[in-house]
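S.K.: Need coordinates for the below:
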Amino acid sequence: MKKKFNPKKLDIKSNYHLMISGIVPRPIAFVSSISLNGEINLAPYSFFNGFGANPPIVGFSPALSGRTGKPKDTLLNIQDTKEFTISIANSAMVGQVSLSSCEYDRSIDEFDITGLTKQKSDLVKPPYVSESAFVMECKLHDIIYLGNKPASGNLILGEIVMFHISDKILDSNNSVDPYLLDAISRLGGSWYSKSKEGLFEFKKPRHNGIGFNAIPKKILNSKIITANDLSQLCSVDKRPDLNQKIYQKHVKDSDHDLELVCKKYINDKSIDHAWTIISILEER
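M.R.: Residues are numbered from 1 along each chain as shown. So this is what the prediction gives:
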């Protein structure tokens, strides 16, 4: 059973806490911007993601103050100067990320407050965080204003004009190693997560999979073979031929043992063998 919540009947704080508790984990954009007077601002935002690769677009949302309805310094700066940088936060700087999230006066430079190092950008005026291993220089593409009330969002979309990526986190193909990036993300309340402590790989099928409708009902109702297991079975584009050697090896096993064997073959990436076990179960 699921409990229902109508956001129109909840206050701003309740809606906000439900969102940040359920939309997790959220990557953190450590955004640097600059005012027309040259005042530098550094602030973290977790309503953040990528939105396209041609052109390369990233977006984040600095909401209006939930108490006063006033805009954040980041929004004001980017409206005026149309430039910003995004530095990906890592576990070594989580305390500094948290410190920078406090509401300082616009004249206060959060680089000074946090002790983080300014690094001059190549194509935009705002500096970036030198301690970050993955940085994007951005020029404003668009701002989508989502309301004019307290806690209303302002979706800032920026085109990436330069990447700065530490060679220490790149492999031989110039792909980012997620363990070495060590990015942190936000959850509800005061909780953060470390990406490298919760990483697992699940490869996308190279073709259209045959789908759950190709799985016998007996297997769909299994207490041993999980939905994730079934997803791997369904990743083939057609049902594999029966493997006679595997068939003869297991044909006399009990249903329970067959399901355990099937799961083991799936975990071992022996999907063809797992399908042979499915065939044995179908015969019963």
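S.K.: contacts and neighbour counts: CA atoms only from here.
M.R.: Fine.
S.K.: and the residue of the chain most remote from its centre, helix, strand or coil?
M.R.: Relative to the mean C-alpha coordinate of the chain, counting by CA atoms, centre = their mean, the farthest residue is residue 252 (45.7 Å). Of the three states, residue 252 takes coil according to DSSP: H, G, I helix; E, B strand; the rest coil.
S.K.: Break this protein down into its structural domains.
M.R.: Following automatic domain parsing, one gets these domains for the chain: 7-197, 212-282.
S.K.: out of the ones you listed, nearest to residue 203?
M.R.: domain 212-282 (9.1 Å; CA to CA).
S.K.: What ranges does the stretch 51-200 of the chain have for its strands?
M.R.: Ranges of strands in the stretch 51-200 of the chain, per DSSP state E, counting those that start in this stretch, are 56-60, 83-88, 118-119, 128-129, 134-145, 154-165, 184-186, 192-194.
S.K.: Counting by contacts, list what the second one packs against.
M.R.: Spelled out, it's strand 83-88. Contacts defined by 3 or more CA pairs under 8 Å, 6 or more residues apart in numbering; DSSP states H and E place strand 83-88 against strand 29-34, strand 128-129, strand 134-145.
S.K.: Just give me how far it sits from the chain centre.
M.R.: Centroid displacement of strand 83-88 relative to its chain, using CA atoms, centre = their mean, to the nearest Å, is 17 Å.
S.K.: Quick check: can you name the pairing partners of that strand and their directions?
M.R.: strand 29-34 (antiparallel), strand 134-145 (antiparallel) (DSSP bridges).
S.K.: what's the angle from that strand to strand 154-165?
M.R.: 70 degrees (axes from the mean of the first three to the mean of the last three CA atoms, to 10 degrees).
S.K.: returning to what we had before: quick one: the residue farthest from the centre of the chain from residue 32, how far?
M.R.: Separation of residue 252 from residue 32 (CA to CA, to the nearest Å): 66 Å.
S.K.: Over to residue 87?
M.R.: Here residue 87 is placed at a distance of 8 Å from residue 32 (CA to CA).
S.K.: Also residue 228?
M.R.: Distance from residue 228 to residue 32, counting by CA to CA: 40 Å.
S.K.: Between the two, tell me which one has more neighbours.
M.R.: More crowded of residue 228 and residue 32, by other CA atoms under 10 Å: residue 32, with 27 against 11.
S.K.: Contacts only, for that one.
M.R.: Counting by CA atoms under 8 Å, 6 or more residues apart in numbering, residue 32 makes contact with 40-43, 74, 84-86, 126-128.
S.K.: Against residue 38, how distant is residue 81?
M.R.: 10 Å.
S.K.: Please say which of these two ends up with more neighbours.
M.R.: Comparing residue 81 with residue 38 by other CA under 10 Å, the one with more neighbours is residue 81, at 18 against 13.
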